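*Asks:* My questions are about this predicted structure, shown below with the sequence.
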Amino acid sequence: MIVERVKKDASEKVRAWALEKGIAEPPIPTYSACPAHVPADLSVPWPMPAAKILKRKPLEIAGELAAVLQSVPGIEKAEPAPPGFVNLRLSQGALVDNLKTAVAAPAGYGAGHAAKKRKVLIEYVSANPTGPLHLASGRAATLGDSLIRIFSRLGHTMWAEYYVNDAGGRAEKLGLSLKARYEGKDVPEDGYHGDYLKDVAAALPAEAASWTPEQFGRHAMKVLLETHKRDMAGFGVTFDRWYLESELYASKAVEKTLEFLRGRGMVYDKEGAVWLGTQAVEGADDDKDRVLVKSTGTPTYFLPDIAYHKDKFDRGFTELIDIWGADHHGYVPRMKAAIAAMGKEPWQFHAIVHQLVHLFRGTEAVKMSKRAGSFVSLKEVIDEVGRDACRFFFALRTANSHMNFDLELAKKQSSENPVFYVQYVHARICSIFREAEKTLGGAFDLAKADGSLLTAPEERALLVKLAWFPATLETCETELSPHPLGGYLMELAGLYHPFYEKCRVLEPKDPATTLARLALCAGVRDVIAQGLDLLGVSAPDKM
RNA sequence: GCGCCCAUAGCUCAAAGGAUAGAGUGUUGGCCUGCGAAGCCGAAGAUCCAGGUUCGAUUCCUGGUGGGCGCACCA
């Protein structure tokens, strides 16, 4: 964790220096990797904001600060650079120590160093069981599952949940559609027209002939929910719990929640309905109040959803993260308001809204609609493109990117997917170790490697990149997104290949260099395996 | 009409207000008689428009333009 340690030590020195110069509240230093043309590893732009406060030239400040930071352990050189950076170069010794800790305990590298442990429940996908999962669910699943894995590794307590809307009026509508399929009649105009109900109908038991539409609906939901579970498992995504909306009714949580909110004075009656005063909640920005119980006496979708979120808190989770598609972004203000109405703080609820996936076949847009039955299922894409390629494809993008997914291109380019670029490095290194076992007879101990031999620019670049892995995981945490990790793995892989071309690993005439390079390879191999695993992507030994 | 999101290389995407804007893919010129050519080295190629804030703007603000999504006593 050399990068973290240097940041911490340097920040203390910067702060002490600033206080000494009379800056009462010094800006907190930031750090970034240096651009390619700068022969250093960490860049500190702090002198520039400080220049304004001190009314001095930034480069002068950088010069003085460089002298101070020179003494930070692990720093080989601290240099000022125009217009006002201090560039830090890590020492070979520190980089090698870092490699050794990474190789000694790969599963612990970058793990559990988060200062504040969090207890988070992430709810994601939560697609209605009225049809197969479509491709967009793959985006939410990748996001949620990767975040769970990354947060867990950072030492947080995580719980994954999938909310199933199995109550409400949809079961009957679905049932009528299934019944029509079963009886060979036309599906109702506002029913579900997808072919998948034909398959469900074909597998119905004999006694279905006497079923009510409601029974048809329950059956369809049960079958479709099973397909969701199968698809998620096939995508490498597991949930700690599949929470049924109907459970909330069965446990009276819905009614209790209404009474709870009423007791908090957030609820009022108007025009025969029961309302939540969401507009009054500061910071939620809802533009109208919301109905909890319709004038017909039945709850809206909103009330059980509030009950569900209350239940999450009641089970001991301090933070809730919901992952929603952009088609639900309008729902964010009212849920924020509901969280506040429960008496929770704003930081305890966060909605990650990801933009929708727009599907194309070539240049032709594919309209996604379960009712119309024209959509591309997640399973279809996984079958065609592969789980690894599909997950990595989603993992490289921010939630806010409006992505276009060209099915034909995805299929055609599946063998050129960036994921293989990363996996190839892993397979290549595994191959080197197989070769090493043969030629060296397995008689090598990586712990005895002399890292001071790793001085080639390609070797040093890898050492530095490995040092950034823990910081990358932290970036994923602060940005609530796995995509920095995906990008990191691409960059790490991009540094390995040139190393491989330039530096021969197995050199019988030079056992010391061989051992050092094997240790470096092991570090890269392990970080790639760990990183890919955090994204739910496999790291094959052979390809 | 109101609100949220987006606009970066031919294409798909990156880039805490920082230095010469990065990758992959595609185009193009080279490289396999030693560890995997699913690779390497080189070339060409980009911030929608107009203002503003700042020492510094792809990033922040205002206004355009173009697109996605949402504005229920549906879920």
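*Replies:* Structure's in. What do you need?

*Asks:* Let me know the pLDDT of the most far-flung residue of chain A relative to its centre.
*Replies:* Within chain A, residue A:210 marks the point farthest from the mean C-alpha position, 46.6 Å out by Cα atoms, centre = their mean. Note for residue A:210: predicted pLDDT of 94.

*Asks:* how much space between it and residue A:216?
*Replies:* Distance, residue A:210 to residue A:216, by Cβ to Cβ, to the nearest Å: 11 Å. Bear in mind the C-beta positions are built from the backbone N, C-alpha and C, glycine included.

*Asks:* and the closest residue to RNA strand B within the stretch 101-250 of chain A, helix, strand or coil?
*Replies:* Using Cβ to the nearest atom of the strand, the closest approach of the stretch 101-250 of chain A to RNA strand B is made by residue A:168 at 3.3 Å. Classification of residue A:168 using DSSP: H, G, I helix; E, B strand; the rest coil returns coil.

*Asks:* Same check on residue A:269?
*Replies:* Assigned with three-state DSSP, residue A:269 falls in the strand class.

*Asks:* what about it, neighbour count?
*Replies:* By other Cβ atoms under 10 Å, 11 other residues sit near residue A:269.

*Asks:* That one touches residue A:262, doesn't it?
*Replies:* No: taking contacts as Cβ atoms under 8 Å, residue A:269 lies outside contact range of residue A:262: 9.7 Å.

*Asks:* List the buried residues for the strand or helix carrying residue A:172?
*Replies:* For residue A:172, the host element (DSSP states H and E) is helix A:170-182. The neighbour-count check on helix A:170-182 (16 or more other Cβ atoms under 10 Å) flags A:170-182 as buried.

*Asks:* Any chance of these in a markdown table with distance to residue A:7 and pLDDT as columns?
*Replies:* Formatted as a markdown table, the buried residues of helix A:170-182 follow (distance: Cβ to Cβ, whole Å; pLDDT from 0 to 100):
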| residue | distance to residue A:7 | pLDDT |
| --- | --- | --- |
| A:170 | 51 | 83 |
| A:171 | 54 | 85 |
| A:172 | 58 | 85 |
| A:173 | 56 | 89 |
| A:174 | 54 | 93 |
| A:175 | 59 | 94 |
| A:176 | 61 | 93 |
| A:177 | 58 | 94 |
| A:178 | 59 | 95 |
| A:179 | 64 | 95 |
| A:180 | 64 | 95 |
| A:181 | 61 | 95 |
| A:182 | 64 | 95 |
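
*Asks:* from these, which are also near RNA strand B?
*Replies:* When contact is defined as Cβ under 7 Å from any atom of the strand, the buried residues of helix A:170-182 meet RNA strand B at residue A:170.

*Asks:* Among the buried residues of helix A:170-182, which one sits closest to residue A:90?
*Replies:* Of all the buried residues of helix A:170-182, the one with the least separation from residue A:90 (Cβ to Cβ) is residue A:170, at 58.0 Å.

*Asks:* RNA strand B versus residue A:523, what's the distance?
*Replies:* 16 Å (Cβ to the nearest atom of the strand, to the nearest Å).

*Asks:* From the contact counts, what lies against the helix or strand harbouring that residue?
*Replies:* Per DSSP H and E, residue A:523 falls inside helix A:511-534. Using 3 or more Cβ pairs under 8 Å, 6 or more residues apart in numbering; DSSP states H and E, the elements in contact with helix A:511-534 are helix A:92-104, helix A:135-153, helix A:418-440, helix A:457-467, helix A:469-479, helix A:483-502.

*Asks:* Now do the fourth one, average pLDDT.
*Replies:* Helix A:457-467 shows a mean pLDDT of 95.

*Asks:* What of the second one?
*Replies:* If you average the pLDDT over helix A:135-153, you get 95.

*Asks:* Over to the longest one?
*Replies:* The predicted model assigns helix A:418-440 a mean pLDDT of 93.

*Asks:* Show me the domain layout of chain A.
*Replies:* Using automatic domain parsing, the domain ranges for chain A come out as A:2-90, A:124-250+A:355-414, A:417-534.

*Asks:* mean pLDDT lowest for which of those domains?
*Replies:* Among the domains of chain A, domain A:124-250+A:355-414 scores lowest, at a mean of 90.

*Asks:* Could you list the contact residues of the stretch 351-500 of chain A toward RNA strand B?
*Replies:* So far as Cβ under 7 Å from any atom of the strand goes, the stretch 351-500 of chain A lies against RNA strand B at A:353, A:355-356, A:358, A:396-398, A:400-406, A:409, A:413, A:415-416, A:418, A:420-421, A:424, A:427-428, A:430-432, A:435, A:479, A:483-484, A:487, A:490-491, A:494, A:497-498, A:500.

*Asks:* can we see that at 6 Å?
*Replies:* Residues of the stretch 351-500 of chain A lying close to RNA strand B by Cβ under 6 Å from any atom of the strand are A:355-356, A:396-398, A:400-404, A:413, A:415-416, A:418, A:420-421, A:424, A:427-428, A:431-432, A:435, A:487, A:490, A:494, A:497-498, A:500.

*Asks:* for the stretch 101-250 of chain A, same thing?
*Replies:* A:128, A:165, A:168, A:169, A:170.

*Asks:* Closest one to residue A:117 out of those residues, please.
*Replies:* For those, the minimum distance to residue A:117 (Cβ to Cβ) is 32.2 Å, reached by residue A:165.
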